[in-house]
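A.B. asks: quick one, what's the 3D model for this:
(one chain, ligands or ions: 1)
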Amino acid sequence: MTTEIQAFRFSEFGTSDVLDFESLPLPGPAPGEIQIRHLAIGINYIDIYHRSGVAPVSLPSGVGVEAVGIVTALGEGVTGFAVGERVAYVGGPPGAYATHRNLPAARALALPEELDSREVAALVFKGLTVEYLIHRCFQLKRGDTVLFHAAAGGVGSIACQWLAAIGATVIGTVSSPAKAEIARSNGCHHTIVYTEKAFQAEVAEITGGRGVDVVYDSVGAETFERSLDCLRPRGTLVSFGAASGPVPPLDVSSLAAKGSLYVTRPSIAHYTADRKEYETAAQNLFTAISARVVRASGITTYPLSEARRAHQDLEARRTTGSVVLLP
Ligand SMILES: NC(=O)c1ccc[n+]([C@@H]2O[C@H](COP(=O)([O-])OP(=O)(O)OC[C@H]3O[C@@H](n4cnc5c(N)ncnc54)[C@H](OP(=O)(O)O)[C@@H]3O)[C@@H](O)[C@H]2O)c1
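C.D. replies: The predicted structure follows:
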């Protein structure tokens, strides 16, 4: 059966102006897919990389990689889900900025009843990112010291909460005193306003000259080189985004000179591709949300139709915490 839906699509890369909000017919789900009516849709920086062509997708394309919704139809061969059930998802082809969509059932996650749809939409992509970054990409333990850039953003806010709960010491960079306050309220122990002060010198002072065990750098061009200088010998730089632009080429031999450092450039796609790993990670996140170890502090919502404005605000560094679209 065909359903009339509204969805954002784009057919060329560019600014938020390339996003068109269209009425479309959505066919029934193909074999292996489920159809979902969205309740809340999370916005992520990766949506901007997709739209602008920094992380190109094939065109024309939908936009958005996570949401919470109700299953409205099952494609042939789908088991384990029922019409009327509430699910969340991360990944699949971009297309979450829509009232409804079809999705490979392998990406859907059954949701515990006690969890709020908006909060899950605010947390599931970013929370699963933090889950793999701090438990699997680098295994953080009590007593470790971490430098986390953009600590008041969506991913950063969740990371501060979860790292503090583990017992790590968290140093967070932010672009304003107001954002520093937000990072502190999420458990960040030391904040550095990196638009005002050289963060390497501050990190050296905070760690007594030792350096941190791990740096999480999603800012990219503006911070990458200096992030390496914040590490202790044999420390790890996790470069997981490029909000300020792509990371410059790396001279591998410089890693020896700087202290036998490790560098990794992970993607959530590779840490959630295996269904079992994906389910286990989601379970860890849902348990952390239920226990209030991780919470969406200060969700900013926009009507679905105003996704362009939400993109402009995220790109201009005006947002803090998570941003959610409501259909
Ligand atoms: N690799 C992965 O698996 C993966 C998965 C999810 C997300 N990510 C990355 O994680 C990062 C955070 O994602 P998010 O959705 O939670 O976004 P966000 O952190 O809420 O927003 C990005 C933040 O980056 C900082 N920033 C620094 N320089 C910037 C610049 N020139 N332009 C814009 N922002 C700048 C800003 O914080 P300040 O104003 O405090 O500087 C801004 O608020 C993104 O880079 C994203 O690509 C990676």
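A.B. asks: got the residues of the chain near the ligand?
C.D. replies: Within the chain, the residues that sit near the ligand (Cβ under 6 Å from any ligand atom) are 44-46, 126, 129, 150, 152-156, 174-175, 179, 218-219, 222, 240-241, 243-244, 266-268, 314-315, 317, 319. Where C-beta positions appear, they are placed from N, C-alpha and C, glycine not excepted.
A.B. asks: run the last query once more with 5 Å
C.D. replies: Proximity of the chain to the ligand, by Cβ under 5 Å from any ligand atom, involves residues 44-45, 129, 150, 153-155, 174-175, 179, 218-219, 240-241, 243-244, 267-268, 317.
A.B. asks: let's see which of these end up in strands.
C.D. replies: Counted as lying in strands by DSSP state E, out of the residues of the chain next to the ligand, are Val174.
A.B. asks: hmm, which of the residues of the chain next to the ligand are the buried ones?
C.D. replies: Buried subset of those (neighbour count, 16 or more other Cβ atoms under 10 Å): 44-45, 129, 150, 153-155, 174-175, 179, 218-219, 240-241, 243-244, 268, 317.
A.B. asks: and the helix or strand where Gly127 lies, how far from the chain's centre?
C.D. replies: With elements taken from DSSP states H and E, the one containing Gly127 is helix 117-132. Distance of helix 117-132 from its chain centroid, counting by Cα atoms, centre = their mean, to the nearest Å, is 7 Å.
A.B. asks: which is the succeeding secondary structure element to it?
C.D. replies: Using DSSP H and E, the next helix or strand after helix 117-132 towards the C-terminus is strand 145-148.
A.B. asks: tell me the pLDDT of Ile192.
C.D. replies: You'll see Ile192 listed with a pLDDT of 98.
A.B. asks: what's the neighbour count on the residue lying closest to Pro266 once chain neighbours are set aside?
C.D. replies: Spatially, and ignoring its direct neighbours in sequence, Pro266 is nearest to Cys137 (5.0 Å; Cβ to Cβ, 6 or more residues apart in numbering). Residues lying near Cys137 (other Cβ atoms under 10 Å) number 20.
A.B. asks: which residues touch Cys137?
C.D. replies: Applying Cβ atoms under 8 Å, 6 or more residues apart in numbering, we find Cys137 in contact with Val238, Thr264, Pro266, Tyr271.
A.B. asks: which SS state does the first one fall under?
C.D. replies: What DSSP: H, G, I helix; E, B strand; the rest coil gives for Val238 is strand.
A.B. asks: now name the helix or strand holding the residue nearest to it when sequence neighbours are not counted.
C.D. replies: Distance criterion Cβ to Cβ, 6+ apart; nearest residue to Val238, sequence neighbours excluded, is Tyr216 at 5.0 Å. Using DSSP H and E, Tyr216 sits within strand 212-217.
A.B. asks: if you count neighbours, what's buried in stretch 195-214?
C.D. replies: Phe199, Gln200, Glu202, Val203, Ala204, Ile206, Thr207, Gly211, Val212, Asp213, Val214.
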